[in-house]
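>>> Predicted model follows, preceded by the sequence.
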Amino acid sequence: MLKRVHFPTSVLPYLLVAPQIIITLIFFIWPASQAVYQSFLIEDAFGLSTEFVWFENFQILFEDSQYLETFWRTIIFSAAVAVLSMGSALILAAFADRVVRGATTYRTLMIWPYAVAPVLAGALWVFMFNPTLGIFPYILEFIGIDWNHYLNGSQAMLLVIFAAAWKQIAYNFLFYLAAMQSIPRSLIEAAAIDGAGPVRRFWDHIFPLISPTTFFLLVINAVYAFFDTFGIIHAVTQGGPANSTTILVYKVFNDGFVGLDLGGSAAQSVILMILVIAMTVVQFRYVERKVEY
Amino acid sequence: MVENRRILGIISHIVLILGVIMVALPIWITFVASTHDAVRMTQAPIPMLPGTHFFENFKQTLFGAGLSGSEGAPVWRMLLNSLAMALMIAFGKIAISLLSAFAIVYFKFPFRMGFFWMIFITLMLPVEVRILPTFEVVANLGMLNSYWGLSIPLIASATATFMFRQVFLTIPDEMLESARIDGAGPLRFFWDILIPLSRTNIAALFVILFIYGWNQYLWPLLITTDTDMTTIVMSIKQMLEAAEQSPQWNIIMMTALLAMIPPVFVVVGMQRLFVQGLTETDK
């Protein structure tokens, strides 16, 4: 952690850490503690007086069927995004690992959606699925599906899942491909000599060997789906129709800035904070251990 | 490849090409939409092949009023705002993280580990979970509608600090010993030895952070009310809302294209650094 040879104590190290620490205190730790404090307060309807209520805000939240629904919805949304985007990335990486020529060209063509902002990804997908103009509703009409995500809640959910998963494929592909390419060829060759075909080799050798990457990506994708998809939801559905695409982050924003329910929004923030802390702990405790091949 | 099966090779390429098409399709449709005139873009089905109005739309979007009837800032102004925000965030994060990693690795001083953990905690407090109180702090400091307000609250960085810490830990101790024998003080050592040695790491991190900064959405949405401070990524949402009254998809998609070109260019053009940055910061 510290160098064996280091500089003597002086005022200098304090000056060096000062910018980072000041910003952390003002913009991270102070607002977070404010959120915790506010989550214990209830303001009356006119904002004139506040009352310290301990855990009443949390109690209200967990008795609110809407909040519980949002919670489940967020979990289903995140799971769907993770499975869809990791699954397609895994298949593509497995084939890219096989091709001798052009693997890097495919990588170049596949990674750039990482650079597209979530809200832009949302805009592109909402255009492709525009009920009157979009190309997909036009095609879907031929097989008898009437697409209108402005009215149909499950179609709206599907649309945000597609947009969110599409944007994340690039990231997952990159990590899966790197993991597969780091597996020693001799191992795979030995399996082939023993008579294992390509499919068998994938499931019995490659997939177990890259399981640390799968676990790491699972955490990263969960964090992404929980927090970074705000832009997609805001652009595509604004949480609608009838809250069918409202996820936790969107609800914090909506209740705080649109509904101006300070105590309730702060309590939701605190719950989200606990979730992030849990995910970070999982990531550092279990993912840091790298597997040696 | 282990065995040589022709069929398998062909299947691989077919699957990969389908994958590329799936990944590229939304962008292709965006590009095609930006090359047609407004009238064509109101007729279903929308075209799948490019038209001839690309430069016309380009000029109208970038230098004209953009969407006719909207009172937003011109698009070139939004691009400048985005560029300023992205650069300030990227340089700011790198600068303060280099300094604090240097202090933590090369100095022994009281509260060293306390500071380290305080920086670590920022990892657990993304802006999404403390929206309202952070907004209040920035409002009280009078930083709404300014580049400072857009960038400074986002530049504390645990991941960048960790990364530079790792880099500095791999630099041999003999470097410092010989520098000290030659009479270099801490700042001289930092500037003349540490910075040049971590040059590629800085570049790799810059690529990641530039994209991070450019693509910020929720934060600028909260703290900019002045149309002169709108960023390009934010403007798409306003345009989508306007599209419900007067659909000018050619202009909207041209704006989307302009908004994604700089970060996509950075990723594709600096692919090696991008991949290095991604694997270094996240692991």
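Perfect, thanks for sending it. Residues are numbered from 1 along each chain as shown, chains lettered A, B, ... in the order given.

>>> Buried ones in the strand or helix carrying residue B:208, by neighbour count?
If you go by DSSP states H and E, residue B:208 is part of helix B:199-214. Within helix B:199-214, the residues scored as buried using 16 or more other C-beta atoms under 10 Å in any protein chain shown are B:201-202, B:204-214. For every residue, glycine as well, the C-beta is placed using N, CA and C.

>>> try stretch B:241-248
Quick answer for stretch B:241-248 (16+ other C-beta under 10 Å): B:242, B:243, B:247, B:248.

>>> Report the next helix or strand after the helix or strand containing the first one in sequence order.
When you say that, I think you mean residue B:242. Following DSSP H and E, one finds residue B:242 within helix B:232-243. Using DSSP H and E, the next helix or strand after helix B:232-243 towards the C-terminus is helix B:249-269.

>>> Filtering the buried residues of stretch B:241-248 by proximity to chain A, which remain?
Among those, the ones lying close to chain A by the criterion of C-beta under 8 Å from any C-beta of the partner chain are residue B:247.

>>> okay, the buried residues of stretch B:241-248 in TSV with distance to residue A:166 next?
TSV is the format used below for those (distance: C-beta to C-beta, whole Å):
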residue	distance to residue A:166
B:242	25
B:243	21
B:247	23
B:248	25
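
>>> returning to that earlier point: next, the angle from the helix holding residue B:242 to helix B:199-214.
If you take axes from the mean of the first three to the mean of the last three C-alpha atoms, to 10 degrees, helix B:232-243 sits at 20 degrees to helix B:199-214.

>>> And helix B:232-243, what does it pack against?
Packing contacts for helix B:232-243, counted by 3 or more C-beta pairs under 8 Å, 6 or more residues apart in numbering or on different chains; DSSP states H and E, involve helix A:118-128, helix A:230-236, helix B:75-106, helix B:218-223, helix B:249-269.

>>> Contact partners for residue A:31?
Residues near residue A:31 by C-beta atoms under 8 Å, 6 or more residues apart in numbering or on different chains: B:130, B:133, B:134, B:136, B:137.

>>> who wins for most neighbours among those residues?
In terms of neighbour count, residue B:130 stands highest of the contacts of residue A:31 at 27 neighbours, by other C-beta atoms under 10 Å in any protein chain shown.

>>> thinking again about what came up before, show only the entries of the contacts of residue A:31 found in helices.
B:133, B:134, B:136, B:137 (DSSP state H).

>>> Which residue comes closest to residue A:187 once chain neighbours are left out?
residue A:205 (6.5 Å; C-beta to C-beta, 6 or more residues apart in numbering or on different chains).

>>> just residue A:140 next, same as before
With sequence-adjacent residues excluded and distances taken as C-beta to C-beta, 6+ apart, residue A:140 is closest to residue A:147, at 5.0 Å.

>>> Now for the one you found: which residues touch it?
A:129, A:131, A:134, A:136, A:137, A:140, A:141, A:155.

>>> Can you pick out the most distant pair from the residues you listed?
Longest distance between any two of the contacts of residue A:147 is 13.5 Å, between A:141 and A:155; criterion C-beta to C-beta.

>>> Please identify which of the two sits among more neighbours.
Neighbours were counted for residue A:141 and for residue A:155 using other C-beta under 10 Å; residue A:155 has more, 21 against 13.

>>> so which strand or helix has the more buried one?
helix A:153-181.

>>> Who are the packing partners of that helix?
With contacts taken as 3+ C-beta pairs under 8 Å, 6+ apart, helix A:153-181 sits against helix A:65-98, helix A:103-111, helix A:118-128, helix A:211-223, helix A:230-236, helix B:6-33, helix B:271-282.

>>> And those: which comes nearest residue B:264?
For these, proximity to residue B:264 was assessed by C-beta to C-beta; helix B:6-33 is nearest, at 8.5 Å.

>>> Give me the angle between the closest one and helix B:249-269.
130 degrees.

>>> ok, is helix B:6-33 in contact with chain A or not?
Yes. Looking at helix B:6-33 against chain A by C-beta under 8 Å from any C-beta, the contacts come from B:8-9, B:11-13, B:15-16, B:19-20, B:22-27, B:29-30, B:33.

>>> Any chance of a PyMOL selection covering the buried ones in the residues you listed?
Buried members of the residues of helix B:6-33 next to chain A, defined by 16+ other C-beta under 10 Å, are picked up in PyMOL with:
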select buried, chain B and resi 8+9+12+13+15+16+19+20+23+25+26+27+29+30+33
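
>>> Centroid-nearest residue for chain B?
With distances taken as C-alpha atoms, centre = their mean, residue B:211 lies nearest the centre of chain B, 1.7 Å away.

>>> Just the buried residues of stretch A:97-117, please?
Buried residues in stretch A:97-117 (16+ other C-beta under 10 Å): A:97-99, A:103, A:106-107, A:109-117.

>>> and what of stretch B:102-111?
B:102, B:103, B:104, B:105, B:106, B:107, B:109.

>>> Apart from its neighbours in sequence, what residue is nearest the third one?
So the one you mean is residue B:104. The nearest residue in space to residue B:104 (C-beta to C-beta, 6+ apart) is residue B:116, at 5.6 Å.

>>> Need the contact partners of the helix or strand containing the one you found.
According to DSSP H and E, residue B:116 maps onto helix B:112-121. For helix B:112-121, contacts defined as C-beta under 8 Å, 6+ apart pick out A:2, A:13, A:17, A:20-21, A:24-25, A:28-29, B:100, B:103-104, B:156, B:158, B:161.

>>> and stretch A:84-102, how far out from the chain's middle?
A distance of 21 Å separates the C-alpha centroid of stretch A:84-102 from that of its chain, computed with C-alpha atoms, centre = their mean, to the nearest Å.

>>> Pull it out as CSV, backbone CA atoms only.
Taking Å, rounded to 0.1, in the frame of the first residue of the first chain, the C-alpha atoms of stretch A:84-102 are listed here in CSV:
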residue,chain,number,x,y,z
LEU,A,84,-30.3,-10.7,-23.0
SER,A,85,-27.1,-8.7,-23.4
MET,A,86,-24.8,-11.1,-21.7
GLY,A,87,-26.3,-14.0,-23.6
SER,A,88,-25.9,-12.4,-27.0
ALA,A,89,-22.4,-11.2,-26.2
LEU,A,90,-21.4,-14.7,-25.1
ILE,A,91,-22.6,-16.3,-28.3
LEU,A,92,-20.9,-13.6,-30.4
ALA,A,93,-17.7,-13.8,-28.5
ALA,A,94,-17.7,-17.6,-28.7
PHE,A,95,-17.8,-17.4,-32.5
ALA,A,96,-15.4,-14.5,-32.7
ASP,A,97,-12.9,-16.6,-30.7
ARG,A,98,-13.2,-19.3,-33.3
VAL,A,99,-12.5,-17.2,-36.4
VAL,A,100,-8.8,-17.0,-37.2
ARG,A,101,-9.0,-14.1,-39.6
GLY,A,102,-11.0,-10.9,-38.9
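
>>> Now for the buried residues of stretch A:97-117: which two are most distant?
The most distant members of the buried residues of stretch A:97-117, if one measures by C-beta to C-beta, are A:98 and A:117, lying 32.7 Å apart.

>>> For the helix holding residue B:116, buried residues please.
By 16+ other C-beta under 10 Å, the buried positions in helix B:112-121 come out as B:112, B:115, B:116, B:118, B:119, B:121.

>>> Next, the angle from that helix to helix B:75-106.
Computed with the same axes, to 10 degrees, the direction of helix B:112-121 lies at 150 degrees from that of helix B:75-106.

>>> gap between helix B:112-121 and the chain center?
Worked out by C-alpha atoms, centre = their mean, helix B:112-121 lies 26 Å from the chain centre.

>>> Having no further points to raise, I will conclude here.
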